Each structure stands twice: as C-alpha cells, then as structure tokens.
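A.B. asks: Turn this into a model:
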Amino acid sequence: MASLIEIRDLLALRGSMDASQLSQQLATPLPLMNAMLARLEAMGKAQRRTEDASQCLSGGCKSCPEGKACLREVWTLSQQV
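C.D. replies: Here you go, the predicted structure:
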C-alpha cells in the first residue's frame with residue numbers, strides 16, 4: 001500500500017498522472033488512492049486539473065450527452081512558494 005509521501009514523490013517524478021495510473025503504479029486500490037489524493041489536496045500538496053477536451057481525436061465528446069466523454073482528471077503537485 002502506498003503512502004502520501006510515495007504519491008507525492010511519484011507526482012514530482014512524472015509531473016501529472018490520473019488516479020488510475022497512480023493506483024496501478026503504486027499497487028493501491030483506486031478508492032483508497034482517490035481518498036489519499038483528496039487528502040493531499042486538502043493539505044495543499046496536490047491539485048486536480050481537468051484536461052481540455054478540445055484535443056479529442058475521436059469526436060466522441062461532441063456526441064456525448066454530457067460532453068464529458070474525453071475529459072480526464074489529472075493530479076499535479078501544487079505550486080507553493
């Protein structure tokens with residue numbers, strides 16, 4: 001199971017990743033990974049970002065009733081000074 005420090009270190013190494021990638025890389029169940037990422041966000045150490053769907057190559061976003069077929073939520077380290 002991963003620790004908050006391991007998640008932070010992996011985000012620092014890779015730049016940005018989604019929760020499922022982090023979950024697989026660190027062999028941690030996805031619900032637990034989501035909870036740990038939410039905790040890092042509350043602590044101000046990580047931030048979630050939604051990638052722009054304008055880069056959708058399949059055009060699936062236009063036909064999606066919610067318009068969120070290609071949106072992907074990724075996590076990055078917070079830019080603290």
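
A.B. asks: ok, which stretches of the protein are helices?
C.D. replies: 4-14, 19-25, 30-42, 60-63 (DSSP state H).

A.B. asks: And the first one, what's buried?
C.D. replies: Yep, that's helix 4-14 we're talking about. 7-8, 10-11 (16 or more other Cβ atoms under 10 Å). From N, CA and C alone the C-beta is placed, and that goes for glycine too.

A.B. asks: where does this protein dip in pLDDT?
C.D. replies: 52-70, 80-81 (pLDDT under 70).

A.B. asks: residues in contact with the nearest residue to Asn34 once chain neighbours are set aside?
C.D. replies: In space, and not counting its chain neighbours, Asn34 is closest to Ala19: 5.5 Å by Cβ to Cβ, 6 or more residues apart in numbering. With contact set as Cβ atoms under 8 Å, 6 or more residues apart in numbering, Ala19 has these partners: 30, 33-34, 37, 73, 75.

A.B. asks: Could you pick out the buried ones from those residues?
C.D. replies: Looks like the contacts of Ala19 have 33, 37, 75 buried, using 16+ other Cβ under 10 Å.

A.B. asks: wait, the first one sits on Leu22?
C.D. replies: Yes. A contact is recorded between Met33 and Leu22 when judged using Cβ atoms under 8 Å, the distance being 5.5 Å.

A.B. asks: who touches both of these two?
C.D. replies: With Cβ under 8 Å, 6+ apart, Met33 and Leu22 have common neighbours 2, 7.

A.B. asks: and the closest residue to Leu11 other than its chain neighbours, how many neighbours?
C.D. replies: Distances taken as Cβ to Cβ, 6+ apart put Leu77 closest to Leu11, at 5.1 Å, once the chain neighbours are dropped. By other Cβ atoms under 10 Å, 15 other residues sit near Leu77.
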